[in-house]
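1. Let's see this in three dimensions:
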Amino acid sequence: MAKRGKRYRDDMTKVDIQRSYPLEEAVALVKGFSKGKFDQTVDVVMFLGVDPKHADQNIRGSISLPHGTGKTKRVIAFCGPDKVEGATAAGAVAAGGEELAKKVEEGFMDFDVAVAEPAAMKYVGKLGKVLGPRGLMPSPKAGTVTPDVAKAVRDYAAGKIEYRNDKFGNVQAPVGKMSFSADQLLENARYFIDEIVRRKPSSAKGQFVKRVCLSGTMTPGVRVDIASGAPVEA
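-> Down below sits the predicted model:
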């Protein structure tokens with residue numbers, strides 16, 4: 001394990017790593033950690049009781065948090081000529097069909113999110129080997145394949161986030177910045193936790209949410225007792 005810096009060690013004295021804190025207290029603790037030299041992202045990690053080996057237990061989707069994430073995204077849109085102007089006006093850094101797909105195939109990767117209308121997937125499908133490994137492949141489950149391309153561009157450019165569980169069944173997402181107010185972080189975190197709880201697969205057995213942790217980019221994690229800060233599954 002890498003040696004932790006003095007700031008991190010000092011922050012560790014402010015939290016009981018064996019305790020689960022009510023969400024409001026967890027937010028206050030994270031906000032009280034050393035700020036560092038940049039505006040750190042605050043993340044929520046949820047350790048879930050799902051088996052990722054079973055497709056029907058995988059969690060994937062997208063969500064717009066009440067206060068955004070504090071970060072804008074560069075979005076491209078795969079669409080027909082009739083929707084290019086609307087996508088560009090909504091904030092797309094590039095929009096088009098076959099010509100945009102060719103541009104990406106040739107190495108253009110200056111974007112964070114790719115959205116597509118269903119009719120344009122005939123071009124996007126060929127980019128699986130390019131976009132797939134980077135997590136950029138448009139998907140109906142993530143809300144990045146949609147007839148309303150302009151709205152998708154607008155939402156993702158404003159900070160809409162995608163989430164999906166990893167191979168261990170954990171889901172992680174940014175819920176704001178250290179510069180956010182405690183109320184903004186609290187509302188965003190609760191909104192995200194509630195979203196994941198609602199997405200519990202019917203085939204998942206036993207305890208669904210096993211553990212929740214809140215942390216800044218360079219801070220210790222704070223365990224969250226979601227039973228006292230957000231609704232949990234019945």
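2. Low-confidence bits of this structure, can you list those?
-> The model of the chain has pLDDT under 70 over residues 1-3, 228-234.
3. Helices along that one, start to end?
-> 6-12, 23-32, 81-89, 98-105, 121-124, 128-131, 149-157, 182-198, 226-229 (DSSP state H).
4. Deepest-packed of those, please.
-> helix 149-157 (a mean of 23; mean count of other CB atoms under 10 Å). Bear in mind the C-beta positions are built from the backbone N, C-alpha and C, glycine included.
5. Does anything pack onto it? Which helices or strands?
-> If you count contacts as 3 or more CB pairs under 8 Å, 6 or more residues apart in numbering; DSSP states H and E, helix 149-157 packs onto strand 75-78, helix 81-89, strand 113-116.
6. Figure out which of the helices of the chain is closest to Tyr163.
-> Closest approach to Tyr163 among the helices of the chain (CB to CB): helix 182-198, 7.6 Å.
7. The closest one to helix 23-32, inter-axis angle?
-> 130 degrees (axes from the mean of the first three to the mean of the last three CA atoms, to 10 degrees).
8. now helix 182-198, how far from the chain's geometric center?
-> Distance of helix 182-198 from its chain centroid, counting by CA atoms, centre = their mean, to the nearest Å, is 12 Å.
9. In terms of secondary structure, what does that helix contact?
-> If contacts are counted by 3+ CB pairs under 8 Å, 6+ apart, helix 182-198 sits against helix 23-32, strand 41-48, strand 60-63, strand 170-177, strand 209-216, helix 226-229.
10. Look up how far Cys79 lies from Met121.
-> To Cys79, Met121 is 11 Å away according to CB to CB, to the nearest Å.
11. ok so, going back, how about the helices and strands packed on helix 149-157, which one is nearest Lys14?
-> When the helices and strands packed on helix 149-157 are compared (using CB to CB), the closest one is strand 113-116, at 35.7 Å.
12. got CSV for the helices and strands packed on helix 149-157, with distance to Asp39 too?
-> As requested, the helices and strands packed on helix 149-157 are arranged in CSV below (distance: least, CB to CB, whole Å):
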stretch, distance to Asp39
strand 75-78, 22
helix 81-89, 29
strand 113-116, 21
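13. now for those, which one comes closest to Glu106?
-> Nearest of the helices and strands packed on helix 149-157 to Glu106, taken as CB to CB: strand 75-78 at 13.8 Å.
14. Run through who's touching that closest one.
-> 83-84, 87, 91-97, 100-101, 104, 111-117, 120-121, 123-124, 138, 149, 152-153, 156-157 (CB atoms under 8 Å, 6 or more residues apart in numbering).
15. cool, and stretch 189-202?
-> Stretch 189-202 is contacted by residues 23, 27, 42, 44, 46, 48, 50, 56-59, 61, 63, 65-66, 163, 171, 173, 175-176, 208-209, 212, 214, 224, 226, 229-233 when judged by CB under 8 Å, 6+ apart.
16. give me that answer again for 7 Å
-> Contacts with stretch 189-202, where a contact means CB atoms under 7 Å, 6 or more residues apart in numbering, come from 23, 27, 44, 46, 50, 56-57, 59, 61, 63, 65-66, 171, 173, 175, 208-209, 212, 214, 226, 229-233.
17. If any of these are buried, put those into a ChimeraX selection.
-> Of these, the buried ones go into a single ChimeraX selection, burial set by 16 or more other CB atoms under 10 Å:
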select :23,27,44,46,50,57,59,61,63,65,171,173,175,208,209,212,214,226,229,230,232
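18. Redo the helices and strands packed on helix 182-198 as TSV? Include distance to Asp11.
-> Shown next, in TSV, are these (distance: least, CB to CB, whole Å):
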stretch	distance to Asp11
helix 23-32	9
strand 41-48	14
strand 60-63	29
strand 170-177	17
strand 209-216	9
helix 226-229	21
